[in-house]
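Enquirer: Mind folding the following:
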Amino acid sequence: MNGLLNVNLIRENEDGSADFDISGITPEVRDAFVRLGIIKALEDAIKRAEEEYTPPPNEGFEDEGS
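Expert: A predicted model of the protein is given here:
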């Protein structure tokens, strides 16, 4: 390993995504990328759910803490 991170485009897919080959990456950096990807996917899912969710009307609802 030469200490450089090499990223090569393999192909661009019809759906707009792309496949890459990444070399020169340490296991620690690979794990960090995986964690970042999972966190980003969760953040995007939460954002999408917040935009699309319509809570039911709260008529007659009383907060138990009141």
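
Enquirer: Quick check: pLDDT value at the closest residue to G3 other than its chain neighbours.
Expert: Leaving out its chain neighbours, the residue that sits closest to G3 by C-beta to C-beta, 6 or more residues apart in numbering is G24, at 7.2 Å. From N, CA and C alone the C-beta is placed, and that goes for glycine too. Reported pLDDT at G24 in the predicted model: 88.

Enquirer: Would you confirm that G24 contacts N8?
Expert: No: G24 is not in contact with N8 according to C-beta atoms under 8 Å; the separation is 10.8 Å.

Enquirer: So for the two, which sits in the more crowded spot?
Expert: Remark: of G24 and N8, G24 carries more neighbours, 12 against 9, as counted by other C-beta atoms under 10 Å.

Enquirer: Now do N6 against E12, distance only.
Expert: Here the distance between N6 and E12 works out to 18 Å (C-beta to C-beta, to the nearest Å).

Enquirer: cool, V34 as well?
Expert: 23 Å.

Enquirer: for the protein, what spans make up the strands?
Expert: 6-12, 18-23 (DSSP state E).

Enquirer: now the angle from the longest one to strand 18-23?
Expert: Okay, so that is strand 6-12. 150 degrees (axes from the mean of the first three to the mean of the last three C-alpha atoms, to 10 degrees).

Enquirer: same for strand 6-12, what does it pack against?
Expert: Packing partners of strand 6-12 (3 or more C-beta pairs under 8 Å, 6 or more residues apart in numbering; DSSP states H and E): strand 18-23.

Enquirer: so what pLDDT did V7 get?
Expert: 91.

Enquirer: which stretches of the protein form helices?
Expert: Assigned by DSSP state H, the chain shows helices spanning 27-52.

Enquirer: low pLDDT regions in it?
Expert: The chain contains residues with pLDDT under 70 at 1-2, 59-66.

Enquirer: and with 90 instead?
Expert: 1-5, 22-26, 29-30, 50-66 (pLDDT under 90).

Enquirer: how many other residues sit next to the residue nearest to N13 when sequence neighbours are not counted?
Expert: In this structure, N13 finds its nearest non-sequential neighbour in D19, 6.9 Å apart by C-beta to C-beta, 6+ apart. A total of 10 residues lie near D19 under the criterion other C-beta under 10 Å.
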